[in-house]
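Visitor: this is a predicted model, with the sequence first.
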2 protein chains.
Amino acid sequence: MGMLPKSYEGQDCSLARALEVVGERWTLLVLRDAFYGVRRFTDFQVHLGVPRAVLTERLRTLVVYGLLTRQPDREQPARHQYTLTDKGWDLWPALHALRSWGEQHVPASNGPRRLFVHAICGADIDATSSCARCHRQVSPEEVLAAPGPGLNPEVSQDPVSAALQEPHRLGQPLAVAPTRPPTERTALADAVMGHAG
Amino acid sequence: MGMLPKSYEGQDCSLARALEVVGERWTLLVLRDAFYGVRRFTDFQVHLGVPRAVLTERLRTLVVYGLLTRQPDREQPARHQYTLTDKGWDLWPALHALRSWGEQHVPASNGPRRLFVHAICGADIDATSSCARCHRQVSPEEVLAAPGPGLNPEVSQDPVSAALQEPHRLGQPLAVAPTRPPTERTALADAVMGHAG
């Protein structure tokens, strides 16, 4: 496993080991976006609004630990696409449970921005990934992320938020409108800093 | 909700809001110990090996957000006990799912240190809190934390680890052997720094 970036000394439990991989700030939000079907550096960046250096580091860590793969982008060969591996998909129950807890206990004033429903029957999925109608465990491939009553399209106007205004199957690539190509200066900075997508 | 200690600007989703409450380093491990039945500052401290100032801050945050209550300790009235609220209990599916992912994907070389089984039937509980035998959702009150094959009693010799060498129902107070009372200097430091248990 090599050196862990932030270890929990003396805590040799599976929770501490999981947190060593995904417990860094922003990491779970990067994975959330990967479940939404975000695949390109630029799209993660505009949606998360996170500094590029932080995003670069988080994506790198997720690739090193095998939760994402990084492959050349067919449409833009100089860039890459990040896709969830099986190890990444397996994090869904944790991510969904944490999200559900937030929805229940730290609710938004105007209701959920996004609903997570069973694509087959349309019913809600509870914190333990159980469908309220089918009464069985729902795998993330069967989950539909749909706009909720709290979604205000005027607040988030980036292309990823725009694409997510339609119901979307988790993991399916998201059709994101291209952002304007980077200026020469940005492209140069990317090359120098080594995060050219 | 007031000021959040570390907000995710522009990320008004329920996952980001959950992470604002429990995403700080060590917070989920403090909650894990609370599920194990740890209730006293000293016991959290010896088991986690975290700096006292960090533990003080994490416990304070969890009390402020209502995941733990802080009440006078009957046996040591100058000190306090921290107990999970319903809001804290509701975090179990997330904590267990994350722990399960760690167990599966970042395994310990000599097997799990601790097993989480359904107290009623003894079967394993999967990442979505479903019992392998009963095929139903298991609430944390029904979970037994038991020593696993990877547990090496010689490695962790603090009183909390010692108490956890016996199977233990989640949430039940853990019978921890008293650690030696603090020296005068420690007691003074506690009083000055405001974390006297």
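Guide: Received it, and whenever you're ready, just let me know what you need. All values derive from a computational prediction rather than experimental measurement.

Visitor: burial of the residue lying closest to A:Thr27 once chain neighbours are set aside, as a residue count?
Guide: The shortest distance from A:Thr27 to any non-neighbouring residue, by C-beta to C-beta, 6 or more residues apart in numbering or on different chains, is to A:Arg58 (5.3 Å). (C-beta placed from N, C-alpha, C; glycine too.) Neighbourhood size, A:Arg58 [other C-beta atoms under 10 Å in any protein chain shown]: 23.

Visitor: any idea how far the one helix or strand A:Arg58 maps to is from the chain center?
Guide: Secondary structure from DSSP states H and E places A:Arg58 in helix A:52-64. Helix A:52-64 sits 13 Å away from the centroid of its parent chain (C-alpha atoms, centre = their mean, to the nearest Å).

Visitor: report the buried residues of the following helix or strand past it.
Guide: Next in sequence after helix A:52-64, counting helices and strands by DSSP H and E, comes strand A:68-72. Across strand A:68-72, burial judged by 16 or more other C-beta atoms under 10 Å in any protein chain shown covers A:68, A:70.

Visitor: what average pLDDT does strand A:68-72 get?
Guide: For strand A:68-72, mean pLDDT is 97.

Visitor: all strands for chain A, in order.
Guide: In chain A, the strands defined using DSSP state E lie at A:68-72, A:80-84, A:114-118, A:143-147, A:168-169.

Visitor: quick one, which of these is nearest to chain B?
Guide: strand A:114-118 (6.7 Å; C-beta to the nearest C-beta).

Visitor: what sits up against that closest one?
Guide: A:96, A:99, A:123-125, A:131, A:133-134, A:138, A:142-148, A:151, A:164, B:13-14 (C-beta atoms under 8 Å, 6 or more residues apart in numbering or on different chains).

Visitor: and the residues you listed, which are buried?
Guide: A:96, A:99, A:125, A:131, A:138, A:142-148, A:151, A:164, B:13-14.

Visitor: tell me if stretch A:93-106 is near chain B.
Guide: Yes: using C-beta under 8 Å from any C-beta of the partner chain, we find that stretch A:93-106 touches chain B at A:93-106.

Visitor: for stretch A:164-175, same thing?
Guide: No: against chain B, stretch A:164-175 shows no contacts by C-beta under 8 Å from any C-beta, the least distance being 10.5 Å.

Visitor: tell me the domain ranges of chain A?
Guide: Domain segmentation of chain A under automatic domain parsing yields A:14-88, A:91-169.

Visitor: could you tell me the end-to-end distance of the last one?
Guide: Terminal residues of domain A:91-169 are spaced 16 Å apart (C-alpha to C-alpha, to the nearest Å).

Visitor: and what of the shortest one?
Guide: Start and end residues of domain A:14-88 are separated by 16 Å (C-alpha to C-alpha).

Visitor: off-centre distance for it?
Guide: Here domain A:14-88 shows a centroid-to-chain-centroid distance of 7 Å under the convention C-alpha atoms, centre = their mean.

Visitor: cool, the longest one as well?
Guide: Here domain A:91-169 shows a centroid-to-chain-centroid distance of 13 Å under the convention C-alpha atoms, centre = their mean.

Visitor: ok, which stretches of chain A are helices?
Guide: A:14-22, A:27-35, A:41-48, A:52-64, A:86-89, A:92-105, A:159-163, A:184-193 (DSSP state H).
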